[in-house]
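Peer 1: please find the sequence and the predicted model below.
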Amino acid sequence: MQLQDYARVLLKRGWIIILLAIIATGSAYVFSKLQTPIYHSTVTLSAVPSRPADWGQTQAIKSLLRNYVQQMQSPSLVQPVIDKLQLDVTPTKFVSQLQFNAAEDTMTIAIEARHAIPAVAAKMAQNLAEAFVSQHEQENLGIDQRDRILVKTLYNATSPEIFSPKTSVNTLAGAILGALIGVVIVFALEWLESDIVRTVEDAERYIGVTVLGAIPTITSKQSTVNSKRSSVFSIQN
């Protein structure tokens with residue numbers, strides 16, 4: 001197909017693409033609004049060696065970050081936080097609402113909490129971080145000060161922000177998907193009708209020869225009128 005053929009198809013059936021894009025956009029918007037909003041808040045912890053110049057201690061911290069993440073998910077640490085916040089959830093459910101990101105290059109751990117209530121999301125992350133820092137400080141009491149790894153809160157809980165649904169993103173995705181489906185349908189219909197000759201342009205495209213003339217189509221009404229005229233003409237003669 002040439003460029004003018006694509007333009008002809010779009011002019012002929014472009015309304016299908018537009019209609020499906022509008023329907024998909026509206027559906028995505030309504031679906032997003034029907035979902036329960038989930039908010040998230042993040043606390044960042046930092047782990048540093050008691051001897052900053054000690055390369056071995058620094059490497060040890062990097063290998064321990066993942067272990068720290070595992071400790072934060074343990075029921076023994078999570079349950080007191082649940083009790084303090086008076087949440088009606090199990091430790092497993094509580095942990096499922098958390099995301100951890102241990103960054104070895106910066107020796108930090110980001111704790112992201114997600115909840116339908118903004119304030120609860122922030123409290124979940126903040127209290128879990130504080131509980132871990134407190135536990136780690138207790139463990140450090142039994143270690144020589146020169147060998148301690150210091151864990152502290154680098155950034156407190158961020159202001160809760162909407163995590164899902166992302167209405168604008170869903171709406172845009174719906175519009176694009178609807179338009180793509182419309183394009184597929186339009187060209188599928190065009191392909192199904194590719195062997196049907198309806199216009200002069202179709203005939204020229206099908207046989208590859210320029211059409212010099214065409215016999216006009218006579219409707220049944222015109223045929224009846226012409227027949228009456230012929231009968232009158234015969235009677236008069």
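Peer 2: Now that the structure is in, tell me what you want to look at. Numbering: from 1, shown residues only.

Peer 1: for the helix or strand where Ile16 lies, which positions count as buried?
Peer 2: Here Ile16, judged by DSSP states H and E, is contained in helix 3-34. Neighbour counts over helix 3-34 (16 or more other Cβ atoms under 10 Å) mark Val9, Arg13, Ile16, Ile17, Leu20, Ala21, Ala24, Thr25, Ala28, Tyr29, Ser32 as buried. C-beta coordinates here come from the backbone N, C-alpha and C atoms, glycine included.

Peer 1: one more: stretch 146-159?
Peer 2: Using 16+ other Cβ under 10 Å as the burial criterion, the residues of stretch 146-159 that qualify are Arg148, Ile149, Val151, Thr153, Leu154, Ala157, Thr158.

Peer 1: for Val81, state which of these is nearest.
Peer 2: Val81 lies nearest to Ala157 out of these, by Cβ to Cβ, at 13.1 Å.

Peer 1: dihedrals phi and psi, the nearest residue to Ser50 once chain neighbours are set aside?
Peer 2: With Cβ to Cβ, 6 or more residues apart in numbering as the criterion, Ser50 has its nearest non-adjacent residue at 4.5 Å, and that residue is Arg148. The phi/psi pair for Arg148 (degrees, to the nearest 10) reads phi -80, psi 150.

Peer 1: is Arg148 in contact with Glu139, as I believe?
Peer 2: No - counting by Cβ atoms under 8 Å, Arg148 stays clear of Glu139, with 9.1 Å between them.

Peer 1: any low-confidence regions in the protein?
Peer 2: For the chain, applying pLDDT under 70 flags the ranges 1-6, 53, 193-209, 211-237.

Peer 1: what's the domain layout of it?
Peer 2: For the chain, automatic domain parsing gives the domain ranges 38-164, 197-237.

Peer 1: show me how far the longest one is from its chain's centre.
Peer 2: Taking Cα atoms, centre = their mean, to the nearest Å, the mean C-alpha location of domain 38-164 is offset from the chain mean by 28 Å.

Peer 1: that domain: end-to-end distance?
Peer 2: Domain 38-164 has its terminal residues 5 Å apart, counting by Cα to Cα, to the nearest Å.
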